[in-house]
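*Asks:* pasting the sequence and the predicted coordinates here, then a few questions.
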Amino acid sequence: MKLLLIRPPVIHHRGDFYGSIPGIPIGIAHLAAVVQAAGHPVAVLDAYGSAPRRLYSFARQYVARGLTPSEIVRSVTGEIDAIGLSVHCTTEQAIARALLSELRDAFPGMPLIVGGYHPTFVPEQFVALGADFVVLGEGEHRLPALLDALEGRGSLEEVEGLATGEVIRPRTKLLGTLDGFPLPAAELLPLENYWKLPYGHGPVRGPYMNVITSRGCPFHCGFCQAPLMSGGKWLARSPDDVLRELVFYHDRWGITDFHIQDENFALNRARCAEICREVIRLGRGFTFCLPSGINAMTLNEELVDLMARAGFRYLSVSPETGSPRVLELMGKRMDLSRVSATVAMTSKRGIRTNACFMLGYPGEEDEDRAMTRRYVAHLARQGLDELIIPIMTPFPGTASMEAFPGCEAEEMCFSPRWRKDYRALSRFRTAIYAMFLTVRAFHRPGASLRQIANVLTRRHETKGEMTVTRVILDAVDWRVRRPLRALLRRDAIPSRSASPT
């Protein structure tokens, strides 16, 4: 049974800079490789990667990047027996709905399968939108078993972690290991299109590859879906398996820069240290960044030194707040002094560091926000290079949903204008950004000048520098290229008076 896996366009709310991640969808490549190894041919249609510089309006409140739903449907050619749609985050629900509707109209008898983070927590919504099957949680075992059953080589009733129009069978099995799977089928992705872009999820410096070396999270923060997705487990690939993948990419494409997308890369310090030592031993000039974050509690001076020697150049930490009281409300185990120490350690070794904060967590008060402001100023003096401050929005399945009853998926983003306190939080967010830039410029003027130079030369070292470049390119695409394409399409259509009679 030949499967077509679709990655939808990248989409975000207008005015919200914290949209979907414009990076290589290595998760789909992992899944494609596993399905192929199970004996099912696979094709991938990356709707973002096929046209990453194409912007268009979608459903009024969104800006999308890539192919439109209609173009995606028209691109489905050849012998296809089933279609799988990957929906990573809540923001993608609106465009997933449109895409499912058009796929159902165009291929009425085709099995439509949906999977990913967001559908795992709201499977009934995707069944209602037209999906025949929703795969819950990890797909490595469930998707091949589902395809086998559709071919008559198994029973649908035996596939756990699967939702249909008749029943939702909960997950009863979790992956026991990440070793032993085939390498990702990255050759199925439009890699050259990604490498032409001067931005990604992590700071881009030429051809790169996203890599997943571990999955899951054993912690239980009240705003995060990661521990719910993994059943509270953390699974890590062995250092040998990780190095096998890095060496493969280097040998095949000459790639030396890797963006590790783990939630908890250094949870096992011995494993992290061994990976670093092996990279140093290989001597291939690899570099790394950790754009999805790393738990500062897992780092110490010795490990940070080893990571710097292995080529780590950028990492993100997530203190979330400067208030111990709010950390307790979140259920987040974090020693803010350890974050501060991590920033100082990485700055000393030339590793660029980003800190993620969150405003407006339920129960947060003015004094808590004042503590966050003071803590951000402290981190700026310690050497922090940039910060990201989304305003809290709830996500399905998390404890934070209880504080926002009735919140719909289309409303969930990191600039939630529907919140009654949004304007006040937005003003406070802007003030923190301005304060951070001022403090950093006063204490570290060289770092501020370097960031300006990086933007001008596109030698990005931080997400913020990439964002400036992306905003400029988006403005050109939106105000110049998009109207020009529309004009050329109009000119290509003969007018009625010129048509033959």
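*Replies:* Great, that's in hand.
*Asks:* from what I see, residue 116 and residue 88 are in contact.
*Replies:* Yes: with contact defined as Cβ atoms under 8 Å, residue 116 counts as touching residue 88 (5.1 Å). Bear in mind the C-beta positions are built from the backbone N, C-alpha and C, glycine included.
*Asks:* who has more neighbours out of the two?
*Replies:* Counted by other Cβ atoms under 10 Å, residue 116 and residue 88 do not tie: residue 116 has more neighbours, with 25 against 20.
*Asks:* ok, longest helix in this protein?
*Replies:* In the chain, ranked by residue count with DSSP state H as the criterion, the top helix is helix 422-443.
*Asks:* and the angle from the following helix or strand past that one to helix 422-443?
*Replies:* Downstream of helix 422-443, the next assigned helix or strand under DSSP states H and E is helix 445-457. On the basis of axes from the mean of the first three to the mean of the last three Cα atoms, to 10 degrees, helix 445-457 is oriented at 110 degrees to helix 422-443.
*Asks:* sketch out the low-pLDDT regions of the stretch 151-300 of the chain for me.
*Replies:* Nowhere does the stretch 151-300 of the chain drop to pLDDT under 70.
*Asks:* tell me what the longest helix of the chain is packed against?
*Replies:* When contacts are defined as 3 or more Cβ pairs under 8 Å, 6 or more residues apart in numbering; DSSP states H and E, helix 422-443 packs onto helix 366-382, strand 386-388, helix 445-457.
*Asks:* try 7 Å
*Replies:* helix 366-382, helix 445-457 (3 or more Cβ pairs under 7 Å, 6 or more residues apart in numbering; DSSP states H and E).
*Asks:* tell me the contacts of residue 117?
*Replies:* 88-89, 225, 229 (Cβ atoms under 7 Å, 6 or more residues apart in numbering).
*Asks:* could you rerun that using 6 Å?
*Replies:* 88, 229 (Cβ atoms under 6 Å, 6 or more residues apart in numbering).
*Asks:* just say helix, strand or coil for residue 110.
*Replies:* Following DSSP: H, G, I helix; E, B strand; the rest coil, residue 110 is assigned to coil.
*Asks:* what sits closest to it if chain neighbours are left out?
*Replies:* Closest residue to residue 110 apart from its sequence neighbours, by Cβ to Cβ, 6 or more residues apart in numbering: residue 83 at 5.8 Å.
*Asks:* which phi and psi does that neighbour have?
*Replies:* Per-residue torsions, residue 83: phi -120, psi 130 (degrees, to the nearest 10).
*Asks:* ok, now which ones touch it?
*Replies:* Counting by Cβ under 6 Å, 6+ apart, residue 83 has contacts 4, 110, 112.
*Asks:* my read: residue 162 touches residue 169, true?
*Replies:* Yes: between residue 162 and residue 169 there is a contact under Cβ atoms under 6 Å: 5.2 Å.
*Asks:* where is the longest strand in the chain?
*Replies:* Longest strand of the chain, by residue count under DSSP state E: strand 312-320.
*Asks:* and that one, what does it pack against?
*Replies:* strand 287-290, helix 336-348, strand 352-357 (3 or more Cβ pairs under 6 Å, 6 or more residues apart in numbering; DSSP states H and E).
*Asks:* want to try JSON lines for those, with mean neighbour count as columns?
*Replies:* Formatted as JSON lines, those follow (neighbours: other Cβ atoms under 10 Å):
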{"stretch": "strand 287-290", "mean neighbour count": "23"}
{"stretch": "helix 336-348", "mean neighbour count": "20"}
{"stretch": "strand 352-357", "mean neighbour count": "23"}
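*Asks:* which phi and psi does the residue nearest to residue 233 when sequence neighbours are not counted have?
*Replies:* Leaving aside its chain neighbours, residue 233 sits nearest to residue 216 (5.1 Å; criterion: Cβ to Cβ, 6+ apart). The phi and psi torsions at residue 216 (degrees, to the nearest 10) take the values phi 90, psi 180.
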